[in-house]
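1. output the structure for:
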Amino acid sequence: MARPLAAELDRALGGELDDVLAHVEHALEDLITGEGMPSGFHPDSHLAPGVPRIRPILVVLATRAAGGEARNTGDAAFSAELLHLAVGVHDAALGRQGGRRRRVARRLMGGAVHWLGGNHLSLRALELARHAPAPEVLGEALDTLREISEVQALAEDLRGREPSERDYRDYADGHTGSVFSFCTRAGGRLAGAPRPVVTALGRYGRHMGVAWHTLEDHWSFSLGPEQLAMHLARTTATGRPLLPLIRAMSVDPEVDALLDRVLAGGDADDTVQLNQRVVAAGGLFVTRRLVVEETLAARRALRSLNPSPHRDALERLARSLAASGGRDALVEVTE
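-> Here you go, the predicted structure:
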């Protein structure tokens, strides 16, 4: 499923992106080998095979689409990646706290949840934002961290109740949408773009973030039984709601008990049956539909930007994400 998106990202990787991406990769390599980072910490473990980091790419493409230069984007691009990592680290820390399913999930994961220094990553992201050529980038980073703290409060609230589809949308918006919005708004700031352009780029990034977040959940249900069980354990432990499960639980009363058995170490048949019931209940269709809706909104946000090859590249990224979401949802939303 990641193949169309990977191909589109590869087409976006022109020479002007190479230096920025190399800078981010080298900086991350220094980070994971630095003091205080556990030996098992790999910041690219979330990436689907063949898909490069999208956050630095968004910073560069947004900067260029707003009329700026790619050479000014290095600090902001690395800051965006650190914000993303900090979100994951704070998620892991939340996963250490109560809740029956979280405790069961942590046992299944074998104690793999660690506190990795999320506050340190957040502070480093702010330092980099402060050194960006546009002083407004620091304000954008602070606003993003504020949103992240709010979505973590939502995750805490969800410890005591089952999430709704509205909760999922709020979580995706603050969790991934806020970071993607930082990427594109920072690009507009680096280009010195007027407020309407920065706002439009921010809307594009936020909608793309929600779509990306949802597509990650969609992809997870194409994993094999063992990998899916581990993924469910990880997301349950960290408090991340999963839209396919939310929809399936609202339709099929057997899903709740099946999830408990999977998290309690049930056999592969339990995981396969859970996956089948999620699909039968429309759990994957609802994710595909949301991906298409959000990418359509992202493309609409670009209409106020001046035509350019880089604006076109941003639109193609949105189209590729929609294609990864599936044709059946695309037909229903556009008819």
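2. ok, L17 - contacts?
-> Residues near L17 by Cβ atoms under 8 Å, 6 or more residues apart in numbering: P56, I57, V60, A70. (Glycine included, C-beta is placed from N, CA and C.)
3. any idea how far it is from Q276?
-> Between L17 and Q276 the computed distance is 41 Å (Cβ to Cβ, to the nearest Å).
4. do P135 as well
-> From P135 across to Q276, the span is 53 Å (Cβ to Cβ).
5. ok, back up a step: of the contacts of L17 - the most surrounded one?
-> Within the contacts of L17, V60 tops the neighbour count with 31 neighbours, counted by other Cβ atoms under 10 Å.
6. how far does whichever strand or helix holds that residue sit from the chain's center?
-> Element membership of V60 [criterion: DSSP states H and E] is helix 54-65. Its chain's C-alpha centre and that of helix 54-65 lie 16 Å apart, by Cα atoms, centre = their mean, to the nearest Å.
7. can you check stretch 195-210 too?
-> Offset of stretch 195-210 from its chain centre (Cα atoms, centre = their mean): 15 Å.
8. pull out the buried positions in that stretch.
-> 197-198, 200-210 (16 or more other Cβ atoms under 10 Å).
9. re the thing from before, following element in sequence after the helix holding V60, please.
-> helix 74-94.
10. tell me what that next one is packed against?
-> helix 15-32, helix 54-65, helix 118-131, helix 136-157, helix 178-190, helix 225-238 (3 or more Cβ pairs under 8 Å, 6 or more residues apart in numbering; DSSP states H and E).
11. so F78 is in contact with L21, correct?
-> No: F78 lies out of contact with L21 (Cβ atoms under 8 Å); the separation is 10.3 Å.
12. please identify the helix or strand for the closest residue to G283 other than its chain neighbours.
-> Excluding the flanking residues, the one nearest G283 by Cβ to Cβ, 6 or more residues apart in numbering is P244, at 3.3 Å. In the assignment (DSSP H and E), P244 maps to helix 243-251.
13. same check, this time on V210
-> Counting by DSSP H and E, V210 is found in helix 195-220.
14. specify the angle between that helix and helix 225-238 in degrees.
-> On the basis of axes from the mean of the first three to the mean of the last three Cα atoms, to 10 degrees, helix 195-220 is oriented at 130 degrees to helix 225-238.
15. tell me what helix 195-220 is packed against?
-> Packed against helix 195-220 by the contact rule (3+ Cβ pairs under 8 Å, 6+ apart) you find helix 54-65, helix 165-172, helix 178-190, helix 225-238, helix 243-251, helix 283-301, helix 309-325.
16. turn these into JSON lines, columns for distance to A268 and mean pLDDT.
-> As requested, the helices and strands packed on helix 195-220 are exported to JSON lines (distance: least, Cβ to Cβ, whole Å; pLDDT from 0 to 100):
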{"stretch": "helix 54-65", "distance to A268": "32", "mean pLDDT": "92"}
{"stretch": "helix 165-172", "distance to A268": "27", "mean pLDDT": "95"}
{"stretch": "helix 178-190", "distance to A268": "34", "mean pLDDT": "95"}
{"stretch": "helix 225-238", "distance to A268": "4", "mean pLDDT": "86"}
{"stretch": "helix 243-251", "distance to A268": "18", "mean pLDDT": "95"}
{"stretch": "helix 283-301", "distance to A268": "19", "mean pLDDT": "96"}
{"stretch": "helix 309-325", "distance to A268": "27", "mean pLDDT": "90"}
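17. for those, give me CSV that also has distance to T144.
-> Below are those laid out as CSV (distance: least, Cβ to Cβ, whole Å):
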stretch, distance to T144
helix 54-65, 12
helix 165-172, 15
helix 178-190, 4
helix 225-238, 19
helix 243-251, 23
helix 283-301, 18
helix 309-325, 19
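18. deepest of those helices, which one?
-> helix 178-190 (a mean of 30; mean count of other Cβ atoms under 10 Å).
19. so what secondary structure elements neighbour it?
-> Counting by 3+ Cβ pairs under 8 Å, 6+ apart, helix 178-190 packs on helix 54-65, helix 74-94, helix 136-157, helix 195-220.
20. how far does stretch 236-250 stretch from start to finish?
-> Chord length of stretch 236-250, first to last residue, is 18 Å (Cα to Cα, to the nearest Å).
21. low-scoring stretches of the stretch 51-200 of the chain, by residue?
-> Within the stretch 51-200 of the chain, the segments meeting pLDDT under 70 span 51-52, 89-120.
22. how about a cut-off of 80?
-> Applying pLDDT under 80 to the stretch 51-200 of the chain picks out residues 51-52, 86-128, 131, 156, 158-160.
23. go ahead and confirm A70 touches H23.
-> No: contact criterion Cβ under 8 Å: A70 and H23 do not qualify, at 11.1 Å.
24. no further questions, thank you.
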